[in-house]
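> Sequence and predicted structure, then a few things I'm wondering about:
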Amino acid sequence: MIWKKAFSFIIRDLVLATSYKFEFFLRFFFMLFSILTFYFVSKLVGGAGMAHLEPYGGDYFSFVLIGIAFSGYLMTALRSFSESIRGEQMMGTLEAMLVTPTDTSAIVTLSSLWSFIFMSFRVLMYLVIGILLGVDMSNANVPAALLILVLTIICFGSIGIISASFIMVLKRGDPINMFFMSTSELFGGVLFPISILPEWLRTISYLLPITYSLSGMRHALLQGYSLSALAPEISALMVFSVVLVPLGLLSFRYAVNRAKMDGSLVQY
Amino acid sequence: MKYTIETHNLTKKFALQKGFTDFFLHPFRKDAMTAVVDVNLNVKSGELFGILGPNGAGKTTLIKMLCTLISPTEGTAYVNGYDIAKDSGKIRESIGFVTSDERSFYWRLTGRHNLRFFAALHNYYSDDAEERIDELLSLVGMEDRADDMFLSYSAGMKQRMAIARGLLNDPVVLFMDEPTRALDPGAAQNVRKFVKEHITGDAGKTVFLSTHHLPEAEELCDRIAIINEGRIVAVGTLDKLKAGLDKPDPGLGDVFMHYTGKEFERGAAPKHVYQGRRRMMGGGRHGGMRF
């Protein structure tokens, strides 16, 4: 039954997204620009920093392509849950949804599905364009990459739900979103390997799930690491999932109860 | 279960948001305002029960508590035998909610797409949903415009779609929050006729309707509760409410005056105060109220 409900949300969002046709196509078109920017940056960088890139195959463009593609999932998770609540509040549709038997957490989760599907399509486009520009993924271990992707979505999704809990209560000024948005690019290994960071700063990197997600994804897609070789990243993501999933659910339940008590459920 | 809706001393107090000065000078002081006070009501099955009061009297807050959108501060209430605090899921399975807010639909979807989506939230899918949607579109006379975008509908059509949505799950109780507020007199009359003939008449549903429109309450309701400053000041049939008055052939306006001591219009909250709130304690310099 949940699949049918999920399908209804996807259809709703697909129809809404395609009703703004120009914006829909522009989003695809401008996707190319960031990839090309990093392609030319990699030409400039050349072999510099090779020692740091060696564990990931030695090519900067391949490294950064995976970084910008998959860090998008974190950004989607951080934005989509809270934006779906805020969007429905502003459109005025949230109350009509909350008075149905569908649970509030299901409404928020399913409202974000379209964003994750769109992000996945975007990642696929990134990878295809990357391959066309010379990125070698001939040895990719696809099942391992998919496992890491699932764990990544679970971790990032849980962080997004914690972030949405703050939005539910505070309406604006969510500290989780601000923290992960500002630290992930710097410490998560999106644009450069974390080995470049001073050791004391690297400690922060090890506390972020994105570090393990990107490292695992690069090893799986660019070097074809086996599941056993990816055990450190997979284990770390599993530990994050075990902690973050219940934390996300509990915080969201608390936030909904608090908003109902405040009478601010549909306030923005 | 003797009554479809029962409330026992139902009360709602809202915390007031603090201004910057109070936030720093009195960080632990909690100011509140009371929107609904000790409401005790019983609504029978199949009854069209009206809650009449001016803007800001607490009607919407009361309905939202019964629909489980707002938690009560004190007291209890049962809808279809379910406790609003403990069985919110069960309640939402058996109620429909019709609001006058036309923004509560997706304007860039068609009417049918909208109903299909909300049907899924009520766990109706595929053929079951389509059958129910066709039936409701025909009932509210929207079958010819169902595949047009919602944004192209008139206010009356939007309200008809809101009623169709409220009936999607064939609810036992239909809550209607000022369903004719945004409509012109003709459209409002059509909605009233529809409610009387089809929803309570043919379908035999219990309707809990809030209104600040005296003729609407007079025309539609089997029984009326008058709410003023969050308190129910009188409940009964129109005849019963009129019985205590000396004036010959009194109207509902006279009844309101008798029980509250105010002209109906004068009972309205000041325009700068958001609906459903009155300050209970604390000073008057705090920020906007939350809802």
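Good, I have the coordinates.
> Does whichever residue of the stretch 101-250 of chain B sits closest to chain A belong to a helix, a strand or coil?
The minimum distance from the stretch 101-250 of chain B to chain A, using CB to the nearest CB, falls at residue B:103 (3.0 Å). Backbone N, C-alpha and C define where each C-beta goes, glycine included. Of the three states, residue B:103 takes helix under DSSP: H, G, I helix; E, B strand; the rest coil.
> what residues are up against it?
A:91, A:92, A:93 (CB atoms under 8 Å, 6 or more residues apart in numbering or on different chains).
> How about the contacts made by the second one?
The neighbours of residue A:92, taking CB under 8 Å, 6+ apart as the test, are A:266, B:101, B:103, B:104.
> per-residue pLDDT, the residue nearest the centre of chain A?
Centroid-nearest residue in chain A: residue A:73, 1.6 Å away (criterion: CA atoms, centre = their mean). With respect to pLDDT, residue A:73 scores 88.
> What of residue A:164?
With respect to pLDDT, residue A:164 scores 88.
> Which helix or strand contains the residue nearest to it when sequence neighbours are not counted?
Of all residues not flanking residue A:164 in the chain, residue A:81 sits nearest, at 3.8 Å (CB to CB, 6 or more residues apart in numbering or on different chains). Assigned by DSSP states H and E, residue A:81 belongs to helix A:60-91.
> who touches the helix or strand following that helix?
Once the chain leaves helix A:60-91, the next helix or strand it forms, by DSSP H and E, is helix A:94-98. The contact list for helix A:94-98 (CB under 8 Å, 6+ apart) reads A:85, A:88, A:104, A:107, A:265-266, B:69, B:97, B:99, B:101, B:104-105, B:118, B:121, B:165.
> Swap in 10 Å and give it another go.
Taking contacts as CB atoms under 10 Å, 6 or more residues apart in numbering or on different chains, the residues outside helix A:94-98 that touch it are A:84-89, A:104, A:107-108, A:111, A:256, A:260, A:265-268, B:64, B:67-69, B:88, B:92, B:97-99, B:101, B:103-106, B:114, B:117-118, B:121, B:162, B:165-166, B:177.
> next one: stretch B:255-262
Applying CB under 10 Å, 6+ apart, the contact partners of stretch B:255-262 are B:52-54, B:57, B:214, B:217-218, B:224, B:226-229, B:231-234, B:236, B:238, B:240-247, B:250-251, B:263-268.
> hmm, 7 Å instead?
B:226, B:228, B:233, B:234, B:241, B:242, B:244, B:245, B:263, B:264, B:267 (CB atoms under 7 Å, 6 or more residues apart in numbering or on different chains).
> Give me the buried entries from these.
Neighbour counting by 16 or more other CB atoms under 10 Å in any protein chain shown classes B:226, B:228, B:233, B:234, B:241, B:242, B:264, B:267 among the contacts of stretch B:255-262 as buried.
> Could you pull up phi and psi at the closest residue to the first one other than its chain neighbours?
Once its chain neighbours are removed from consideration, residue B:226 has its nearest residue in residue B:234; the separation is 4.6 Å (CB to CB, 6+ apart). Dihedral angles of residue B:234 (phi, psi; degrees, to the nearest 10) stand at phi -160, psi 150.
> Residue B:203 now?
phi -80, psi -20.
> Look at it and say how many residues are nearby.
Counted with other CB atoms under 10 Å in any protein chain shown, the neighbours of residue B:203 add up to 15.
> Skipping adjacent residues, who's closest to the residue in the stretch 51-200 of chain A that chain B sits nearest to in space?
Chain B sits closest to residue A:92 of the stretch 51-200 of chain A, with a gap of 3.0 Å, by CB to the nearest CB. In space, and not counting its chain neighbours, residue A:92 is closest to residue B:103: 3.0 Å by CB to CB, 6+ apart.
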